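> task: produce atomic coordinates for the following.
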Amino acid sequence: MRSSSVAIVTGASQGIGRATALRLAHDFSAVVLAARNKDELQKTAAGVNAAGAESMVCALDLREPQLAENLVNKVLDRFSRIDALLNIAGAVPQIDLFKMTDAQWEDGLALKLHGARRLTICAWDALKASKGSVVLISGSAALDPKPAFAAVAAINAAIIVLAKAFAEQGIKDGVQVNSVIPGAVMTARRRSFFEKWAPAHNLSIEDAMEKFPEEVGIARFGKPEEIADLMAFMVSPAAKWMTGASVRMDGGEIKGI
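Reported below is the predicted structural model:
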């Protein structure tokens, strides 16, 4: 796929987004890196370039409605095509259902759901032209909602539905669309969560991180690189017949069928 192929990765400044961008640099000739933190994006870009792909850094906040179209236009001006779009950006506040404000709900929706929705729509014509692929990232909370993570669960569930709706149109237009449902992946953001959660439960950070996998019924935390490998497969020629799927990779956390 590497010959004249372009992938856009949002949330590419850290965690799963960075790992995915670095992984795709082995398959695509160019990887477009989108997130808010330019300095961190530059670090990702260095890794993409070292892997032999061309990088393009786009420091922007996709919560702003007009910036999705701006990003797509910049990519097309430089590369004239888009072959894959991986919507990974978006952190949703983990606040109890009865305490979360309307503003916090709106902020959670703004990037992970609406930012991905707008960017996919803006890139759609280019993806039709290339017979390209889209992946949206959800999360296992969508399948096991709890009051403490209600917004995470609700927004992740909405992303699964959104991906299936895009996939239905994609069957007609030749655009492959799927979603990924990762479980407990150890990223800087997850460690930050434990740094706040552990003291509130009279635990050290290390003890909290050690106990968590056992409590949710998994052997260990996932690695960003493992999700990145899955993402790379989902936009590869080998997975082209897969569309409308929600692929769960969670170490066995969700036990239901």
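
> which element is A157 on?
Using DSSP states H and E, A157 sits in helix 150-173.

> and what of A228?
Using DSSP H and E, A228 falls in helix 224-234.

> what packs against the next helix or strand after that helix?
Next in sequence after helix 224-234, counting helices and strands by DSSP H and E, comes strand 246-249. Secondary structure elements in contact with strand 246-249, counted by 3 or more Cβ pairs under 8 Å, 6 or more residues apart in numbering; DSSP states H and E, are helix 150-173, strand 176-182, helix 224-234. Using the backbone N, CA and C atoms, a C-beta is placed for each residue, glycine as well.

> hang on, the earlier thing: give me the contacts around the helix holding A157.
90, 92-97, 100, 104-105, 108-109, 112-113, 116-117, 120, 124, 128, 134, 136-142, 144-146, 175-179, 181, 243-244, 246 (Cβ atoms under 8 Å, 6 or more residues apart in numbering).

> average model confidence for it?
Mean per-residue pLDDT for helix 150-173: 96.

> coming back round to it: comparing the helices and strands packed on strand 246-249, which comes out most buried?
Ranked by mean neighbour count, the helices and strands packed on strand 246-249 are led by strand 176-182 with a mean of 25 (mean count of other Cβ atoms under 10 Å).

> next secondary structure element downstream of that one?
Using DSSP H and E, the helix or strand that follows strand 176-182 towards the C-terminus is helix 188-200.

> hang on, isn't K74 packed against L60?
No. Counting by Cβ atoms under 8 Å, K74 stays clear of L60, with 9.4 Å between them.

> on that earlier part again, show me the contacts of helix 150-173 that map onto strands.
V134, L136, I137, Q176, V177, N178, S179, I181, S246 (DSSP state E).

> the fifth one pairs with what?
Beta-bridge partners for V177, by DSSP bridges, are V134.

> please report how far it lies from K211.
Going from V177 to K211 by Cβ to Cβ, to the nearest Å gives 37 Å.

> also the second one?
Using Cβ to Cβ, L136 is found at 31 Å from K211.

> sketch out the low-pLDDT regions of this protein for me.
Scanning the chain for pLDDT under 70 picks out 1-3.

> do you know how far the one residue sitting closest to the centre of it is from L203?
Centroid-nearest residue in the chain, with Cα atoms, centre = their mean: I88, separated by 1.8 Å. The gap separating I88 from L203 is 30 Å, by Cβ to Cβ.
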